[in-house]
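# sequence and computational prediction follow.
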Amino acid sequence: MTSFRIEGGTLIDRSDVRRFTFNGEALSGIGGDTVASALLANGKQLVGRSFKYHRPRGILTAGAAEPNALLTIGRDGRRDPNTRATMAELYDGLEARSQNCWPNVSFDIGAANGLLGPLLGAGFYYKTFMWPAAFWEKVYEPLIRKAAGLGRASYDPDPGYYEKCWAHCDLLVIGAGPTGLAAALTAGRAGARVIIADEGAQPGGGFLAEGSPVGGKPADTVLADIIGELHALPNVEIRKRTTVFAAYDDQVFGAVERVQKHLPENEINPHRAMERLWRIVARQVVLATGAEERPIVFGGNDRPGVMMAGAMRTYLNAYGVAPGKRVALFANNSQAYQTAVDLEARGIEVAAIIDPRTCPNINYAGKARLIAGAMVRDTAGRRAIKSITVRHDDGSDEVIAVDALGVSGGYSPIVHLACHRGGKPVWSDAHIGFMPPEKTDGMTPCGAVAGKAGIAACFAAGGVAAVKALAELGVMGEAASLPGVEQTAETVDHIQPVWRVASSKGKAFVDFQNDVAASDITLAMREGYDHVELAKRYTTNGMATDQGKTSNVNAIGILAENKRVSPGEIGTTTFRPFYTPVCFGALVGASKGMDFQPVRKSPLHGWAERHGAKFVETGLWYRSSWFPKDGETFWRDSVDREVNTVRTKVGICDVSTLGKIEVFGTDAAEFLNRVYCNAFLKLPVGKARYGIMLREDGFVYDDGTTSCLGENHYFMTTTTALAAGVLTHLEFCAQVLWPELDVRLASATDQWAQMAVAGPRSREVLSKIIDDDISNEAFPFLAAREVSMFGGRLKGRLFRISFSGELAYEIAVPAGYGESVADAVMIAGEEFGIAPYGTEALGVMRIEKGHVTHAEINGTVTPADLGMGRMVSAKKDDFIGRVMNLREGLVDPSRPSLVGIKPKSPSDKFATGSHILNPGDDVSLANDQGYVTSMCHSPTLGHPVGLALVKNGPKRHGEEVVIWNGLAGTTVTGILCDPAFVDPENEKLHA
Amino acid sequence: MSSLVKCPHCGLRPREEFTIRGEVAAPRPSAGADEATWFDHVYLRDNPRGEHREYWHHAGGCRRWLVLSRNTLTHETSDVVDASTLKTEGAR
Amino acid sequence: MHEYPLENRFAFPSNDAAGAGASINLAPIRDGFVFHVLGDANSNEVDLKQALVKIAPELGTDLRSPSPNQWFWVGGADVSDSRLAEIQAEIPEQFVLADQTHGRLRMVLFGASSRSVLAKGTMVDLSPEMFAIGQSTMTQIGHIGAMITRTADDSFELIVLRSFASTLWDELQHMAAEFRHP
């Protein structure tokens, strides 16, 4: 197929040919490939342009840390930007595109930035785009955003389904390399509930790159045996393609499983999640995340063809891809020599091994030329590496022609998850790396993350860690015996730190993703930003999607070297979730579109729909707001008609969404007396009473009616808006403030369908379906009791209360019967011209009547402000809000108080929120007298009416004022008046 | 901030099942207490670095009010009790 | 008098039953009662059970406690208004009983995948060794409060407020879809 695919490859299936495109070019790969391995197999070393200088970049790693090979994969709504080619599995038909380049990756205009390199150093943006300030929004920011930025998100909605899920286990093993597998096997055999998660497409981790036998057996056979046994254990769950991205408090771990992102569109099951966000509750954790190989900072170290030595091994052994035809290695440690061994085993020429150590203590017996005490100081080649320049220990330079360079600067334990809860990693001179914090409660780091090297050592470490974790849970376990473990001899690899090659020629990059060079770090220090957190922000080292996985430790090393201290004294930046990027789809889960939040439906929802209701969202509820009839084209046509119908005939309105709370207990009356500011102790059975609840700070919290239905049994209604809040408040009072009272609260909102039947003919309508006598004498205003309906076929609760100001009742029936009863009311009311009315008409009528709602009860008003000061009991010893309601500022008579307001000329309009000014005063808030809280067109009076909170309001009825709409810049002359525009004598209520 | 709370009635539950009211303030004064005492009760709250006692309501579970003792520095939750026990104990 | 038809409307959408081989099934429970029993601070379940056996032996004593001193008493029989009034009158003083038959609806989720479906909504560990048959708990399934009761090996009954029932039903259908259309 191509010249770079060779024999072997434990992860690929050569019979499964997969076509894909890269920047429009048709290519092919093999099942099991990542996009990166397929590109390399096709000889595509140049895959993108760098962020700032637009330098050509190639594939650096074979895993999660990849800083360079970020591609946009997929199309339309299924397009994922910034996808690491090293993690993306190849599927048939995959479309991949480079980012950060225009017009294309080989010829990129932005590369001119490279020539400006000296000007674009650390802090460039801070220093350059400073003035004029007005340029920021219009010039600089759009320019920077266009030039910088990584991939672009799709504007199309993602058609995929995403979800969230909880999981529980005794032991969570993070990472399924040799360490993790040994730990899982140990715990699994002991019967513990185990979840082992790995970000790879297949479990195996370091195994997958292993070319040598393990304990005398081929590595892939050993791996297959372990995985086979784990699969057979019912108490072990293997989660592949699952990245544990965060460690949260209380042993909760966040993980994302890429369930179907690796499948071609025609194989995606629309009923399955594309990605699944897990929250895993783990009693114990074995952290087996391994270690990240570090690059070395030298001149031209970003040229395509420069790759981590370990990544070369992975491509070679797992994917059967040769990194080049003539390869050199630049390594300061002996582990990396295994790459040379494996390359030579496949017949690939290793031109040289450049080792900064003067006496590399290794057993390498291959053919490559070993250049000790030397460094690579430069590379050459336009779009890919052609040669390297080696600086020998005698100061001479030598150019060696290569088409790939493997680099290894040591190993950084992947300690992120051990640090998310605040732990700080600890520097180790022995390992030349930051090790996990010493104290990691509930978590045992082991294997390569704890500094071990080699499969046998990791096997042993995983087993021991699992035994220890199990012991914490009181479970006995025995470390799984695995091939090669018995031969383990602790060998210490002497790594010589090389934070940067001092003789570097040209730019020596520390952070590939953010184009941060060693010189930028030095500059940051010179300018005073030498604290590690400041250096990060000043240079951008360690930012963006890879969060410095390959760069942070080198940057710390350079800071330490310059300051002549240990890297441990410099310390690391703070580790925070997420370990690798998680797409928004997974974080949102299923909560989008209509599923964004639950929908609460009234038991009369279907009835309202049948009558053509327009619905309005009120919290989670859908309430019917008006009921247009044929010929009504404008909402107010319907609302005016509904109001007129109720005022002259009769209407029916769904009020089921009001909060309803049953209050029981021998101290129920005393309890109500303490939570309402007015008296409730002597409310007789069969009576309802309007009540006002205060907050403890003396302001009004909510209002509603409470009825006494029997001895020690009350039925409270709250506003729809505060139904949940009031119940919570009452529970606080009952459980925390007065646990000695016998009071029991039951939410009954959903049990009852409740409807208001209002209007002068309402009694006649209800008399037809209610068996009891509901005459004014038998059932006067504020009567409340259970009634028999439909000749004894149903029981309901009838309340003679009125929000509209008309003769009115509210009837509650068990929710399932709601629609039938509403239908019956409509039939019974037909002869009187009954019509359904919605929340809009309800709102108009309550304003006409001067009744308040949360437009007035806005958290700043007292009962006195609402004209209900006399309701506040002066006799009661104690109730919520009593003392604070009496403080000086709340009893000031000039406080803004409730008045009605109307325009002087009936044809004038005004808006809610308008401010009230005295005539002649300057139009300014300095002269503010109050504001309009509610207004509507009154079909009853034929002109706009409103409610307002105005200084000294009740004493100013009849006064002329200016209504000022500051937003529209208009003023209207208004007249303050009694808030009860309709029936101020309450004759209708008592009719 | 805790991810999981051990409700004394329901067992381990996620934070999102709870709503937090804030610090367990000075107890509700008696009816005859002076204004200053009431002001402290209504408005005075600590914001400590370290041990902190808060009211948590298990709104998504048993609907009981709990008193949760947690360390704002280490995020450790040392104790969770039903809030009704507070008054019986006469504790602050 | 006009003949007004009375019907107890059901809040669940029509039931889209899965095939016999499905690893997950969701079914509404149409019949029966849900009574909310509220006890005083010294009440306990043993006393309540004894009382109920005496007062209403025909209704069983399936009690599920959402909160200390509170129970949902559920059963499959339909209870008339008058029978309910009798029970309310006879129940010992330390208990009160509120009808929630219309306010809280029941459905059952059963099949080998039932735990996997519920894990998408609730944090509660429902594994067999942690959540015994007969055990129940109040929790949130996604954003919706619900009571989960394990009624058999792989069978869970859910009690949910009526106004949330159709949303919860839809959400469970979504969460179960991958097991119904593998």
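Alright, I've got the coordinates.
# give me the contacts around stretch A:14-32.
The contact list for stretch A:14-32, computed with Cβ atoms under 8 Å, 6 or more residues apart in numbering or on different chains, reads A:1, A:5, A:9, A:11-13, A:33, A:35, A:37-39, A:41-42, A:44, A:47, A:90-98, A:104-105, A:201, A:319. From N, CA and C alone the C-beta is placed, and that goes for glycine too.
# go with 7 Å
Outside of stretch A:14-32, the residues that reach it under the criterion Cβ atoms under 7 Å, 6 or more residues apart in numbering or on different chains are A:1, A:11-13, A:38-39, A:41-42, A:44, A:90-98, A:104-105.
# stretch A:535-543 now?
A:122-123, A:510-511, A:514, A:516, A:520-521, A:524, A:529, A:548, A:551-552, A:555, A:559, A:573.
# mind giving me the PyMOL select for the residues you listed, buried ones only?
Buried residues within those, as defined by 16 or more other Cβ atoms under 10 Å in any protein chain shown, are selected in PyMOL through the command that follows:
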select buried, chain A and resi 122+123+510+511+514+516+520+521+524+529+548+551+552+555+559+573
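# buried set for the longest helix along chain C?
Of all the segments of type helix in chain C, defined by DSSP state H, the longest one is helix C:162-180. Residues of helix C:162-180 classed as buried under the neighbour-count rule (16+ other Cβ under 10 Å) are C:162-169, C:171-172, C:174-180.
# where do the strands sit along chain B?
With DSSP state E as the criterion, chain B has strands at B:4-7, B:11-14, B:19-23, B:51-57, B:65-71, B:77-82.
# any weak-confidence spans in chain B?
Within chain B, the set of residues satisfying pLDDT under 70 comprises B:1, B:88-92.
# which parts of it sit against chain C?
Contacts of chain B with chain C, taken as Cβ under 7 Å from any Cβ of the partner chain, map to B:H9, B:C10, B:R13, B:P14, B:E17, B:G60, B:G61, B:C62, B:R63, B:R64.
# what is the nearest of these to A:H851?
Within the residues of chain B next to chain C, distances to A:H851 taken as Cβ to Cβ reach their minimum at B:R63, with 31.0 Å.
# what is the neighbour count of the residue in chain C positioned nearest to chain A?
Using Cβ to the nearest Cβ, the single residue of chain C nearest to chain A is C:G103, 3.2 Å away. Using other Cβ atoms under 10 Å in any protein chain shown, C:G103 has 25 neighbouring residues.
# surely it touches A:D750?
Yes. With contact defined as Cβ atoms under 7 Å, C:G103 counts as touching A:D750 (3.8 Å).
# name the residues contacting each of these two.
Overlap of the contact sets of C:G103 and A:D750 (by Cβ under 7 Å, 6+ apart) consists of A:A815, C:L161, C:R162.
# who's in contact with the longest helix belonging to chain B?
Of all the elements of type helix in chain B, the one with the most residues (DSSP H) is helix B:35-43. Applying Cβ under 7 Å, 6+ apart, the set of residues contacting helix B:35-43 from outside is A:E696, A:D697, A:V883, A:M884, A:R887, B:A25, B:A26, B:R28, B:P29.
# quick check: which ranges of chain A have low pLDDT?
Per-residue confidence for chain A (pLDDT under 70) gives these ranges: A:1-2, A:101-103, A:105, A:107-120, A:123-149, A:486-492.
# chain B contacts on that one?
Within chain A, the positions lying close to chain B (Cβ under 7 Å from any Cβ) are A:248-250, A:252, A:281, A:696-697, A:728, A:731-732, A:735-737, A:739, A:877-878, A:883-884, A:887.
# looking at the contacts of stretch A:535-543, which is nearest A:V582?
Checking the contacts of stretch A:535-543 one by one against A:V582 (Cβ to Cβ), the nearest turns out to be A:G548, at 17.5 Å.
# now do the contacts for the closest one.
A:D511, A:N541, A:G542.
# could you dump these to CSV with secondary structure?
CSV is the format used below for the contacts of A:G548 (DSSP: H, G, I helix; E, B strand; the rest coil):
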residue, secondary structure
A:D511, strand
A:N541, coil
A:G542, coil
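# let's have these in CSV, adding distance to C:R9.
Rendered in CSV, the data for the contacts of A:G548 read as follows (distance: Cβ to Cβ, whole Å):
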residue, distance to C:R9
A:D511, 64
A:N541, 65
A:G542, 61
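# which one of the residues you listed is nearest to A:T186?
Out of these, the one with the shortest distance to A:T186 is A:G542. That distance is 35.7 Å, counting by Cβ to Cβ.
# what's the domain layout of chain A?
A:1-159, A:162-291+A:413-487, A:295-409, A:605-657+A:751-780+A:802-846, A:659-747, A:891-991 (automatic domain parsing).
# closest to B:G50 out of these?
domain A:162-291+A:413-487 (14.5 Å).
# do the closest one and chain C meet at all?
Yes. Using Cβ under 7 Å from any Cβ, a contact is recorded between domain A:162-291+A:413-487 and chain C, made by A:E163, A:K164, A:C165, A:W166, A:A167, A:H168, A:N269, A:H271, A:R272.
# for ChimeraX, write a command that selects the buried ones of those.
Selecting the buried subset of the residues of domain A:162-291+A:413-487 next to chain C in ChimeraX, with 16+ other Cβ under 10 Å as the burial test, is done by:
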select /A:163,164,165,166,167,168,272
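# just the ones of the residues of domain A:162-291+A:413-487 next to chain C in strands?
Filtering the residues of domain A:162-291+A:413-487 next to chain C for membership in strands, criterion DSSP E, returns A:E163, A:K164, A:C165, A:W166, A:A167, A:H168.
# turn those into JSON lines, including distance to A:K902.
As requested, these are arranged in JSON lines below (distance: Cβ to Cβ, whole Å):
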{"residue": "A:E163", "distance to A:K902": "55"}
{"residue": "A:K164", "distance to A:K902": "53"}
{"residue": "A:C165", "distance to A:K902": "58"}
{"residue": "A:W166", "distance to A:K902": "58"}
{"residue": "A:A167", "distance to A:K902": "63"}
{"residue": "A:H168", "distance to A:K902": "64"}
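# how about the stretch 651-800 of chain A: which residue is closest to chain C?
A:Q751 (3.2 Å).
# list the contacts for that residue?
With contact set as Cβ under 7 Å, 6+ apart, A:Q751 has these partners: A:P814, A:A815, C:D99, C:Q100, C:H102, C:G103.
# and A:L185, by the same measure?
Contacts here follow Cβ under 7 Å, 6+ apart; on that basis A:L185 touches A:I226, A:E229, A:L230, A:A480.
# nearest to chain C, of those residues?
Within those, distances to chain C taken as Cβ to the nearest Cβ reach their minimum at A:L230, with 18.6 Å.
# surely the closest one touches A:I238?
Yes. Checked against Cβ under 7 Å, the pair A:L230 and A:I238 is within contact range at 5.9 Å.
# name the residue closest to the centre of the chain, please.
You didn't say which chain, so I picked chain A. A:L587 (5.0 Å; Cα atoms, centre = their mean).
# right idea, wrong chain: chain C
Per Cα atoms, centre = their mean, the C-alpha nearest to the average position across chain C is that of C:I159, at 3.5 Å.
# circling back to that earlier point, which one is the residue of chain C closest to chain A nearest to, not counting chain neighbours?
Nearest-residue entry for C:G103: A:Q751, 3.2 Å, with adjacent residues in sequence omitted and distances by Cβ to Cβ, 6 or more residues apart in numbering or on different chains.
# domain map for chain C?
In terms of domains, chain C is parsed into C:33-99, C:103-180 (source: automatic domain parsing).
# deepest of those, which one?
domain C:103-180 (a mean of 20; mean count of other Cβ atoms under 10 Å in any protein chain shown).
# understood, closing this out.
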